[in-house]
Every structure is written in structure tokens, then in C-alpha cells.
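1. Need the 3D shape of this:
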Amino acid sequence: MSPLILILMAFSLCLGTLITLSSSHWLLAWMGLEINTFAIIPLMAQNQSPRAMEAATKYFIVQVTAATLLLFASISNAWLIGQWSMQQMNHPLSLIMLYSAMALKLGLAPVHAWLPEVMQGLNFPTGLLLSTWQKLAPLSIMMQLPNNNPSSTTLILMALLSILVGGWGGLNQTQLRKILGYSSIAHLGWMFLVLQYLPALTFMAFLLYVVLTFSTFLVFWYNKTSTINALSTSWMKMPTMSAISPLILLSLGGFPPLTGFLPKWMILSELTKQDLIFVATMAALSTLLSLYFYLRLSYAMALTTPPNNLPAFLPWRIKFLQPTLPLATSAMISLCLLPLTPTTLALFTL
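-> You can find the predicted model right below:
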């Protein structure tokens, strides 16, 4: 892709997200989401392979459907209540349609099936963009909705189902990009569990998820692996990262005392304060499924070696052409941020 086109698409991505973040009118929010969608599609199709074109087409159809449903929900709310403001979305019918649109746009269960398939057709940088930046604008819309609305039970059920589906769906996968797609579904479920009670905690969980996912995508991209079987050669390619990467994966699964334990711990604490003991218990048990396939990746990367009786050439010590400072910084944050929990919470409760 031409550098000029790449800069234009990156600027359009930022512009669409900023329009949605700064808007309080439904039409402006819808316009920002549309700009965001049309800006990432050329990045998805830049490889010009059939798989990439299929992923871009699926993403386009799903996002246009979600945007149309969002527009219909906002119009119906304006018709029933007479308000176009995002803070005045109070009618139960409009809220149900809006939740369905945002779930489809983000990849929440039960409308999640497109996300792993689209992720499988993308390269790692574009997949990272889809897993992190593209979720910021819809999440900001959900955070502006009124709290304790009549449809809050629907949101909790969707969040619990997402945690369960995200863990269950990644168990039998061998493709790393599909596994990361199911990981995204599970983490979104954790964010939406506490969205209506403490939106600041949802935003903190999203930022930590971005850091952890950034580290994981960079490890797999630099390692030039796309399947679990290929991870067994990691010790020859990157010996140091082969020792650190399992810790990053365990942090992504919420294993204490790593950074990923912080948002899950705080979300469970908040759910307990809201007398949602059953919901917190189900979420904690369902996340064990996700932890299992993170352990599977860690085992394949650090504790297995490829067979040496095959006449195959094995790579040795990849020469890094990409900068390693982002990976080193995000890896340290992924592993060592838990002792700074009081400071982190103080920043997000100002």
C-alpha cells in the first residue's frame, strides 16, 4: 500500500473515532462509526489474497448491519421520546436494539461468530487494530448511556455469555489469530459486566486489555508464527521472549500476581458490592476456560521442542527489522503493574 494512502486511512480512523468520542448526538456518533468502518477496510484488503478479501467483505457486511440497526434505534427513540441526545436513550425497545447493534459491532455473544473468522483472514498488525482501536468508539457509546436502565439484565446476560463463549470457543483452536479473537470476546464480556455500575473500571479494564493484547500480537508477529505447532520453534528464534511470553499470556488470562489479574479482581469486587454474587461466581468459573488455552499456548511456546528427525531447516535467531522498544515497554507493563494498583485506581476514580 502506498504510504500516502496508509497515512490517509490512519487519519480517517482517528477522525472517525474522535467524532464518536466527542459527540452527544446520535447522527454524529453514527457518522463517526461509518468513517471508522470505511477507513479500516482498505487496510484489511491490502494483501489482496482471497482470504483477506473474504475477511474484509464479512467485516463490511456486519458493520453496515450494526450501523443500520444503531440508526434505526436512535430514530425510534427520537420518535417515541422526542430526544436525539445519547444520554436520553431511555425507551426499552430502543435500548434493546442499541445493545444488539453494539454487540454486533464489537463481537459480543451471541452475535460473535464473525470476529474469529475475520481475524483469521488478517495479518497481525491489522488484527491488532481490529482488536483494540476499533472497539474504542462503540465502547464510548455504551459508556454514555444512562445507568440502571430497564434493560440492564440483558447486558449482564450478554456479558456472561461472552465470557463463556470466548473461553469455550478457543479450546479447540490451533490458529493463533482465532484464539486471539475468542480472547477478545471473553475480555469484552468482563468489561460489559461492570459497565452500568462503574464505567471508570470498564475503561481501565479496556486500557489494560489493550496493553496485554498489544504485547501478545507483537510477540506472535515478531516470531512469525500463526499456529500453535509453529510456537515450538520459538526457543530457537527468540530465546528471551520464549521465557517472557508465557508470563504475558498468563497475564492476559488474569493469573495472579501479574497485571491481568487487576481488572478481573476489581470487577469481581464491584459485582460483589452490587449483590451479584451468582454473576461474579459464574464469571470467575467461566474464565478458567480462557486460562486453559492460555496455558496451552504457554506450554507450546516454552515447554515443547520440534521433532529433530525431519529433514527440515529450522530458523535460528530472527533478525529484528521492527523496533523492539514497544514490545519491551508493553511486556514490562503486562507483568509488573499489579503493585501499582492503588495508584491506578486513584487515577481512574478522579
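
2. Mark out where each domain of this structure begins and ends.
-> 1-123, 151-350 (automatic domain parsing).

3. P138: which of the ones you listed is closest?
-> Between P138 and those, the shortest gap by CB to CB is with domain 1-123, which sits at 4.8 Å. In short, each C-beta sits where N, CA and C put it, glycine included.

4. Contacts only, for the spatially closest residue to S100 that is not a sequence neighbour.
-> Excluding the flanking residues, the one nearest S100 by CB to CB, 6 or more residues apart in numbering is L69, at 6.1 Å. By CB atoms under 8 Å, 6 or more residues apart in numbering, the contact set of L69 is 97, 100-101, 104.

5. The domains of the chain: lowest mean pLDDT?
-> Here the lowest mean pLDDT among those goes to domain 151-350, at a mean of 84.

6. Now do the helices in the stretch 251-350 of the chain.
-> Counting by DSSP state H, counting those that start in this stretch, the stretch 251-350 of the chain has these helices, from start to end: 261-273, 277-302, 325-336, 341-348.

7. so what secondary structure elements neighbour the shortest one?
-> What it means is helix 341-348. Helix 341-348 sits against helix 199-223, helix 261-273, with contacts defined as 3 or more CB pairs under 8 Å, 6 or more residues apart in numbering; DSSP states H and E.

8. which two from the contacts of L69 end up farthest apart in space?
-> M97 and L104 (10.7 Å).

9. for the helices and strands packed on helix 341-348, which one sits closest to T304?
-> Set against T304 and scored by CB to CB, the helices and strands packed on helix 341-348 come closest in helix 199-223, at 14.3 Å.

10. Okay, buried residues for the closest one please.
-> 199, 201-206, 208-223 (16 or more other CB atoms under 10 Å).

11. returning to what we had before: who wins for proximity to S140 among the domains of the chain?
-> Using CB to CB, the nearest of the domains of the chain to S140 is domain 1-123, at 5.0 Å.

12. measure the closest one end to end?
-> 14 Å (CA to CA, to the nearest Å).

13. any idea how far that domain is from the chain center?
-> From the chain centre to the centre of domain 1-123 is a distance of 14 Å (CA atoms, centre = their mean, to the nearest Å).

14. Tell me which helix or strand comes right after the helix or strand the residue nearest to S100 falls within.
-> Using DSSP states H and E, L69 sits in helix 50-80. Per DSSP H and E, helix 50-80 leads on to helix 92-106 as the next helix or strand towards the C-terminus.

15. Show me which residues of whichever helix or strand comes after that next one are buried.
-> Note on helix 92-106: by DSSP H and E, the next helix or strand toward the C-terminus is helix 114-120. For helix 114-120, burial by neighbour count (16+ other CB under 10 Å) applies to 114-120.

16. Which strands or helices does helix 114-120 pack on?
-> By 3+ CB pairs under 8 Å, 6+ apart, helix 114-120 packs against helix 50-80, helix 124-131, helix 176-193.

17. now the helices and strands packed on helix 341-348 in a markdown table, with distance to S290?
-> Below are the helices and strands packed on helix 341-348 laid out as a markdown table (distance: least, CB to CB, whole Å):
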| stretch | distance to S290 |
| --- | --- |
| helix 199-223 | 12 |
| helix 261-273 | 10 |
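
18. out of those, which comes closest to L157?
-> L157 lies closest to helix 261-273 among these, at 13.9 Å (CB to CB).

19. So what touches the closest one?
-> Applying CB under 8 Å, 6+ apart, the external contacts of helix 261-273 come out as 190, 193-194, 197-198, 201, 204-205, 208-209, 251, 254-256, 277, 279-280, 283-284, 287, 337-338, 341, 344-345.

20. rerun at 7 Å
-> Helix 261-273 is contacted by residues 190, 193-194, 197-198, 201, 204-205, 208, 254-255, 279-280, 284, 287, 337-338, 341 when judged by CB atoms under 7 Å, 6 or more residues apart in numbering.

21. swap in stretch 22-33?
-> Under the criterion CB under 7 Å, 6+ apart, residues 16-17, 19-20, 67, 70-71, 74, 84-87, 137, 141 lie in contact with stretch 22-33.

22. in that stretch, what's buried?
-> By neighbour count on 16+ other CB under 10 Å, the buried set for stretch 22-33 is 23, 26, 29-33.

23. right, and out of those residues, which lies closest to T305?
-> For the buried residues of stretch 22-33, the nearest to T305 is L33 (46.8 Å; CB to CB).

24. Pop out the phi and psi values for that closest one.
-> phi -70, psi -40 (degrees, to the nearest 10).

25. Mind checking which of the contacts of stretch 22-33 are buried?
-> 16-17, 19-20, 67, 70-71, 74, 84, 86, 137, 141.

26. what's the closest of the domains of the chain to T132?
-> Proximity to T132 (CB to CB) singles out domain 151-350 among the domains of the chain, at 4.7 Å.

27. The helix holding L69: which residues count as buried?
-> 52, 54-56, 58-60, 62-63, 65-67, 69-71, 73-74, 77-78.

28. Kind regards, and thank you for your time.
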